[in-house]
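K.L.:
From the sequence below, what's the structure:
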Amino acid sequence: MPSIFRTGLPSAGVFAGPLAWFVGLEAKYAAVPWICAHKIQLVHPLTLAALAIALAGAWLSWRATSRWPAEPPEDSTGAGRPHHFVATLSLLVAVLFAAGIALQGAAPFFLDGCER
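P.N.:
All right, here's what the predicted structure looks like:
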(Lines give C-alpha, C1' and ligand atoms only; values in the text may rest on other atoms or scores of the structure.)
Protein backbone atom coordinates (compact mmCIF):
# COMPACT_ATOMS: atom_id res chain seq x y z
CA MET A 1 0.00 0.00 0.00
CA PRO A 2 1.54 3.33 -1.01
CA SER A 3 2.14 5.99 1.58
CA ILE A 4 -0.19 9.01 1.43
CA PHE A 5 2.80 11.31 1.95
CA ARG A 6 4.58 9.88 -1.08
CA THR A 7 1.63 9.69 -3.48
CA GLY A 8 -0.50 12.57 -2.20
CA LEU A 9 -4.25 12.92 -1.90
CA PRO A 10 -6.08 14.79 -4.69
CA SER A 11 -8.81 16.37 -2.57
CA ALA A 12 -6.76 17.14 0.56
CA GLY A 13 -6.58 20.88 -0.09
CA VAL A 14 -10.32 21.23 -0.63
CA PHE A 15 -10.92 19.96 2.88
CA ALA A 16 -7.79 21.13 4.73
CA GLY A 17 -7.83 24.77 3.57
CA PRO A 18 -11.40 25.72 4.56
CA LEU A 19 -11.27 23.58 7.70
CA ALA A 20 -8.02 25.22 8.84
CA TRP A 21 -9.46 28.68 8.18
CA PHE A 22 -12.70 27.93 10.05
CA VAL A 23 -11.10 26.24 13.06
CA GLY A 24 -8.36 28.88 13.30
CA LEU A 25 -10.85 31.75 13.13
CA GLU A 26 -13.12 30.21 15.76
CA ALA A 27 -10.16 29.42 18.04
CA LYS A 28 -8.96 33.02 17.81
CA TYR A 29 -12.41 34.37 18.66
CA ALA A 30 -12.73 31.93 21.57
CA ALA A 31 -9.31 32.91 22.91
CA VAL A 32 -9.99 36.68 23.01
CA PRO A 33 -11.25 36.83 26.65
CA TRP A 34 -8.24 34.84 27.84
CA ILE A 35 -5.83 36.93 25.74
CA CYS A 36 -7.25 40.20 27.08
CA ALA A 37 -7.19 38.94 30.67
CA HIS A 38 -3.60 37.65 30.60
CA LYS A 39 -2.10 40.09 28.04
CA ILE A 40 -0.41 37.22 26.19
CA GLN A 41 -0.57 37.27 22.38
CA LEU A 42 -1.87 33.83 21.45
CA VAL A 43 -3.16 34.76 18.00
CA HIS A 44 0.16 34.29 16.23
CA PRO A 45 0.64 30.62 17.21
CA LEU A 46 -2.98 29.88 16.28
CA THR A 47 -2.44 31.54 12.90
CA LEU A 48 0.72 29.54 12.30
CA ALA A 49 -1.04 26.29 13.19
CA ALA A 50 -3.93 27.02 10.82
CA LEU A 51 -1.49 28.05 8.10
CA ALA A 52 0.47 24.82 8.56
CA ILE A 53 -2.70 22.72 8.19
CA ALA A 54 -3.78 24.56 5.04
CA LEU A 55 -0.32 24.27 3.50
CA ALA A 56 -0.13 20.58 4.40
CA GLY A 57 -3.33 20.04 2.43
CA ALA A 58 -1.85 22.01 -0.46
CA TRP A 59 1.29 19.90 -0.33
CA LEU A 60 -0.68 16.64 -0.39
CA SER A 61 -2.68 17.90 -3.37
CA TRP A 62 0.52 18.98 -5.13
CA ARG A 63 2.01 15.53 -4.58
CA ALA A 64 -1.10 14.00 -6.15
CA THR A 65 -0.77 16.10 -9.33
CA SER A 66 2.37 14.21 -10.30
CA ARG A 67 0.73 10.84 -9.75
CA TRP A 68 -1.75 11.26 -12.60
CA PRO A 69 -0.65 12.85 -15.88
CA ALA A 70 -2.64 15.74 -17.30
CA GLU A 71 -3.05 13.91 -20.61
CA PRO A 72 -4.05 10.23 -20.74
CA PRO A 73 -2.01 7.70 -22.73
CA GLU A 74 -3.11 7.35 -26.35
CA ASP A 75 -4.57 3.88 -25.91
CA SER A 76 -6.66 4.65 -22.81
CA THR A 77 -10.20 5.86 -22.28
CA GLY A 78 -9.08 9.03 -20.48
CA ALA A 79 -9.12 7.63 -16.97
CA GLY A 80 -7.00 9.62 -14.55
CA ARG A 81 -7.71 13.08 -15.91
CA PRO A 82 -10.39 13.88 -13.31
CA HIS A 83 -7.90 13.07 -10.56
CA HIS A 84 -5.36 15.50 -12.00
CA PHE A 85 -8.03 18.20 -12.31
CA VAL A 86 -9.26 17.65 -8.73
CA ALA A 87 -5.71 17.71 -7.39
CA THR A 88 -4.88 20.94 -9.22
CA LEU A 89 -8.10 22.63 -8.16
CA SER A 90 -7.60 21.42 -4.60
CA LEU A 91 -4.08 22.83 -4.58
CA LEU A 92 -5.37 26.23 -5.69
CA VAL A 93 -8.18 26.22 -3.08
CA ALA A 94 -5.72 25.40 -0.29
CA VAL A 95 -3.33 28.16 -1.38
CA LEU A 96 -6.23 30.65 -1.53
CA PHE A 97 -7.32 29.78 2.01
CA ALA A 98 -3.71 29.88 3.22
CA ALA A 99 -3.45 33.42 1.85
CA GLY A 100 -6.65 34.36 3.68
CA ILE A 101 -5.33 32.89 6.91
CA ALA A 102 -2.08 34.82 6.52
CA LEU A 103 -3.92 38.08 5.86
CA GLN A 104 -6.14 37.59 8.90
CA GLY A 105 -3.06 36.78 10.94
CA ALA A 106 -1.50 40.12 10.00
CA ALA A 107 -4.15 42.14 11.86
CA PRO A 108 -2.78 41.44 15.39
CA PHE A 109 0.45 43.18 14.42
CA PHE A 110 -1.54 46.42 14.36
CA LEU A 111 -4.46 45.77 16.77
CA ASP A 112 -4.37 43.52 19.82
CA GLY A 113 -8.12 42.77 19.85
CA CYS A 114 -8.73 44.21 23.31
CA GLU A 115 -9.57 47.74 22.19
CA ARG A 116 -12.94 49.12 23.23
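K.L.:
going forward, measure contacts between C-alpha atoms and count neighbours the same way
P.N.:
Noted.
K.L.:
how about the nearest residue to Ala87 once chain neighbours are set aside, what does it touch?
P.N.:
Once its chain neighbours are removed from consideration, Ala87 has its nearest residue in Pro10; the separation is 4.0 Å (CA to CA, 6 or more residues apart in numbering). With contact taken as CA atoms under 8 Å, 6 or more residues apart in numbering, Pro10 is in contact with 60-62, 64-65, 83-84, 86-88, 90.
K.L.:
Serialize these to a markdown table and add fields for secondary structure, distance to Ala52 and pLDDT.
P.N.:
Output for those, formatted as a markdown table (DSSP: H, G, I helix; E, B strand; the rest coil; distance: CA to CA, whole Å; pLDDT from 0 to 100):
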| residue | secondary structure | distance to Ala52 | pLDDT |
| --- | --- | --- | --- |
| Leu60 | helix | 12 | 92 |
| Ser61 | helix | 14 | 91 |
| Trp62 | helix | 15 | 91 |
| Ala64 | helix | 18 | 86 |
| Thr65 | helix | 20 | 84 |
| His83 | helix | 24 | 79 |
| His84 | helix | 23 | 81 |
| Val86 | helix | 21 | 88 |
| Ala87 | helix | 19 | 89 |
| Thr88 | helix | 19 | 91 |
| Ser90 | helix | 16 | 94 |
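K.L.:
neighbours of Cys36, just the number please.
P.N.:
Cys36 has 14 neighbours, counted by other CA atoms under 10 Å.
K.L.:
Can you check the pLDDT for Ser66?
P.N.:
Note for Ser66: predicted pLDDT of 77.
K.L.:
can you count the residues close to it?
P.N.:
Residue neighbour count, defined by other CA under 10 Å, stands at 14 for Ser66.
K.L.:
Quote the end-to-end distance of stretch 31-48.
P.N.:
End-to-end span of stretch 31-48 (CA to CA, to the nearest Å): 15 Å.
K.L.:
what's the model's confidence in that stretch, averaged?
P.N.:
Confidence over stretch 31-48, taken as the mean pLDDT, stands at 92.
K.L.:
go on, stretch 11-18?
P.N.:
Stretch 11-18 carries an average pLDDT of 94.
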